[in-house]
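J.: 3D model of this:
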Amino acid sequence: MDGVTLIEHPLIAHKLTIMRKKQTPSSLFRSLLREISLLMGYEVTRHLPLQNIEIETPITTMSAPRLAGRKMCIFSILRAGEGLAQGLLDLIPSARVGHVGLYRDPKDLHAVEYYFKAPPHLDERFCLVVDPMLATGNSAIAALRRIKKAGATRISFLCLLAAPEGIAALKEAHPDIHIYTTAIDEKLNDHSYIVPGLGDAGDRIFGTI
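T.: Below you'll find the model as predicted:
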């Protein structure tokens with residue numbers, strides 16, 4: 001699928017299966033999500049630009065690569081996005097962090113913004129927007145629109161699970177955004193939950209079921 005990377009790895013598949021089980025407690029769900037996000041981070045950051053600098057090893061001097069430009073920004077779509085953001089920060093502790101607070105209107109399912117905070121110079125940073133579930137796509141579409149308005153131009157979207165409907169909606173609204181996910185599930189049900197899915201990610205992360 002154009003513009004979508006399906007991250008396949010035995011460890012990710014195994015951990016995701018445990019997360020899908022309804023009996024899995026919140027503490028284990030959180031730790032598995034953190035572990036998976038770290039594994040996903042290797043794929044998402046594969047194309048970060050590098051520049052060579054002169055360093056001195058215990059033996060000699062050499063030209064060695066390091067990340068170029070300003071530090072990347074991880075944008076967490078509250079509240080469930082925090083579960084993915086924490087694992088990515090384990091991998092990239094120097095990353096800056098932005099937050100987009102959205103809730104889903106129960107009547108029309110549209111995303112309503114209640115909070116936004118971002119680091120400066122977004123136009124000079126690679127921005128990775130994270131949310132465990134891409135269901136209808138409404139929250140992701142609204143978050144990406146807000147982040148672009150704040151100046152970001154290099155953006156990707158990372159989710160644990162995606163529904164075909166959410167992918168289609170996001171690609172229609174933001175065709176320039178690349179999507180990374182570990183699974184594309186069957187469909188959305190009448191309540192806009194991903195099937196087979198894993199339930200409400202936020203509730204399962206924070207134990208508010």
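J.: can you give me the end-to-end span of stretch 115-130?
T.: Terminal residues of stretch 115-130 are spaced 16 Å apart (CA to CA, to the nearest Å).
J.: from what I can see Glu82 touches Ile205, true?
T.: Yes - using CB atoms under 8 Å, Glu82 is in contact with Ile205, at 7.4 Å. The C-beta positions use only the backbone N, C-alpha and C, and glycine is treated the same way.
J.: now do His178 against Leu84, distance only.
T.: Note on His178: its distance to Leu84, by CB to CB, to the nearest Å, is 16 Å.
J.: who has more neighbours out of these two?
T.: Leu84 (29 against 16; other CB atoms under 10 Å).
J.: the more buried one: which element?
T.: helix 81-91 (DSSP states H and E).
J.: which outside residues touch that helix?
T.: Residues from elsewhere that reach helix 81-91 (CB atoms under 8 Å, 6 or more residues apart in numbering): 30, 33-38, 40-42, 45, 74-76, 95, 97, 100, 128, 130-132, 158-160, 201, 205.
J.: buried residues, that helix. List them.
T.: By 16 or more other CB atoms under 10 Å, the buried positions in helix 81-91 come out as 81-89.
J.: what distance separates it from the centre of its chain?
T.: Computed by CA atoms, centre = their mean, to the nearest Å, the separation of helix 81-91 from the middle of its chain amounts to 9 Å.
J.: alpha carbons only: can I get that helix in PDB?
T.: Provided in PDB are the C-alpha atoms of helix 81-91 (Å, rounded to 0.1, in the frame of the first residue of the first chain):
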ATOM      1  CA  GLY A  81      -0.200   8.400  22.500                       C
ATOM      2  CA  GLU A  82       1.800   8.600  25.700                       C
ATOM      3  CA  GLY A  83       2.200   4.800  25.700                       C
ATOM      4  CA  LEU A  84       4.100   4.900  22.400                       C
ATOM      5  CA  ALA A  85       6.000   8.100  23.100                       C
ATOM      6  CA  GLN A  86       7.600   6.700  26.200                       C
ATOM      7  CA  GLY A  87       9.200   3.800  24.400                       C
ATOM      8  CA  LEU A  88      10.400   6.000  21.600                       C
ATOM      9  CA  LEU A  89      12.000   8.300  24.200                       C
ATOM     10  CA  ASP A  90      13.900   5.300  25.500                       C
ATOM     11  CA  LEU A  91      15.400   4.900  22.100                       C
END
